[in-house]
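Chemist: sequence unknown, structure follows:
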DNA sequence: ATGGCCAATATGATTGGA
């Protein structure tokens, strides 16, 4: 089973790219972020025509996450625990039934947090604490689970072309990386790093300053696997070529293959 | 030349992104 995550930076601006990439990569499940539209405005029909069930947690103008799945959804739940007053659409949890049993999938869009001297950074750190609490609870279930999305975290210096340029950025500050480590240290596996320790693995290149042309990228889109999912991991990759297409998102898809055939 | 973009919005300037 192939599962992918992609921050599309507006689903309505990215439908041509999304459909082309779905035909090329043939994922079974896709976690989307920054759809930037309401549930009503989400283009369900063309995706359903490609064989996907669709679950959406959107809002007007900003943020918004969604899930596509060739398997039907057994359960879908929007929102991250820990703050009932948080109205930003950044989290969508679902369960599908595979031949090996239930698989829990979360599509998440972690707050950017810039500038760091504002309440935006406090919101980011608090959101990360809530994600740690959520993950701690779900890991007790000891089932295959993956947290997939735009984490807005550069985990290490190896994950940036120019780490010094990000030294004071909310994506790379020590507190941010510390919280990300605390999350991973609950027992999650960073899928890309489980199969590849190269230094030039990026998932985002800014639209500005010729970042793509200079390969000035960062790795901030991640798939974190529970032990029961990590045991089934057979491959992981980044579709960086999609960044070179016409009308690209500034992020590219990241995917994993899990052996859930239930032998 | 050390800067250069993109998307949404009762839109033509502002906000957010990273």
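Modeler: Received, thanks. In this text the structure is predicted, and so the values were computed from the model without any measurement. Numbering: from 1, shown residues only, chains lettered A, B, ... in the order given.
Chemist: From residue A:165, how far out is the closest residue to DNA strand B within the stretch 151-263 of chain A?
Modeler: Closest to DNA strand B within the stretch 151-263 of chain A is residue A:209: 3.0 Å, counting by CB to the nearest atom of the strand. Backbone N, C-alpha and C define where each C-beta goes, glycine included. When distance is defined by CB to CB, to the nearest Å, residue A:209 is 10 Å away from residue A:165.
Chemist: quick revisit: contacts only, for the residue of the stretch 151-263 of chain A closest to DNA strand B.
Modeler: Contact analysis of residue A:209 by CB atoms under 8 Å, 6 or more residues apart in numbering lists residue A:216.
Chemist: That one in helix, strand or coil?
Modeler: coil (DSSP: H, G, I helix; E, B strand; the rest coil).
Chemist: Tell me the predicted confidence for it.
Modeler: For residue A:209, the pLDDT comes out at 94.
Chemist: Likewise for the one 4 residues further on?
Modeler: We note a pLDDT of 96 for residue A:213 in this prediction.
Chemist: can you check the one 4 residues further on too?
Modeler: At residue A:217 the predicted local distance difference test score is 97.
Chemist: neighbours of the residue lying closest to it once chain neighbours are set aside, just the number please.
Modeler: Nearest residue to residue A:217 in three dimensions, chain neighbours excluded: residue A:202, at 2.8 Å (CB to CB, 6 or more residues apart in numbering). For residue A:202, the neighbour count with other CB atoms under 10 Å is 24.
Chemist: which residues touch residue A:202?
Modeler: Contacts of residue A:202 by CB under 8 Å, 6+ apart are A:159-161, A:215, A:217-219, A:238, A:240.
Chemist: Show me which residues of the stretch 151-263 of chain A sit near DNA strand B.
Modeler: A:152, A:171, A:204, A:206-210, A:218, A:220, A:247, A:250-251 (CB under 7 Å from any atom of the strand).
Chemist: okay, among the residues you listed, which ones form the most distant pair?
Modeler: Spanning the widest gap among those are A:171 and A:247, at 24.5 Å by CB to CB.
Chemist: Of the two, which one has the most company?
Modeler: Ranked by neighbour count (other CB under 10 Å), residue A:171 and residue A:247 place residue A:171 first, with 23 against 9.
Chemist: Spit out the contact partners of the more buried one.
Modeler: A:112-114, A:152-154, A:218, A:220.
Chemist: Residue A:20 now?
Modeler: Counting by CB under 8 Å, 6+ apart, the residues that residue A:20 touches are residue A:245.
Chemist: That one in helix, strand or coil?
Modeler: Going by three-state DSSP: residue A:20 is helix.
Chemist: Could you check the pLDDT of it?
Modeler: pLDDT, residue A:20: 97.
Chemist: any idea how far it lies from residue A:50?
Modeler: For residue A:20 relative to residue A:50 (CB to CB), the value is 11 Å.
Chemist: max-length helix in chain A?
Modeler: The longest helix of chain A (DSSP state H) is helix A:119-139.
Chemist: buried residues in the next helix or strand after that helix?
Modeler: Where DSSP states H and E defines the elements, the next helix or strand beyond helix A:119-139 is strand A:145-150. Of all the residues in strand A:145-150, those buried under the rule 16 or more other CB atoms under 10 Å are A:145-150.
Chemist: can you give me the helices for chain A?
Modeler: Going by DSSP H, chain A shows helices at A:15-25, A:44-48, A:119-139, A:174-184, A:191-195, A:227-230.
Chemist: Tell me which residues touch the residue nearest to residue A:53 when sequence neighbours are not counted, please.
Modeler: Residue nearest to residue A:53 in three dimensions, not counting chain neighbours: residue A:69, with 4.9 Å by CB to CB, 6+ apart. When contacts are counted by CB under 8 Å, 6+ apart, residue A:69 touches A:28-30, A:52-53, A:55, A:94, A:96, A:105.
Chemist: Same list, these, but as a markdown table with distance to residue A:189, neighbour count and pLDDT please.
Modeler: Formatted as a markdown table, the contacts of residue A:69 follow (distance: CB to CB, whole Å; neighbours: other CB atoms under 10 Å; pLDDT from 0 to 100):
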| residue | distance to residue A:189 | neighbour count | pLDDT |
| --- | --- | --- | --- |
| A:28 | 19 | 21 | 98 |
| A:29 | 18 | 28 | 98 |
| A:30 | 20 | 28 | 98 |
| A:52 | 26 | 20 | 98 |
| A:53 | 27 | 18 | 98 |
| A:55 | 25 | 23 | 98 |
| A:94 | 20 | 22 | 98 |
| A:96 | 20 | 23 | 98 |
| A:105 | 15 | 25 | 98 |
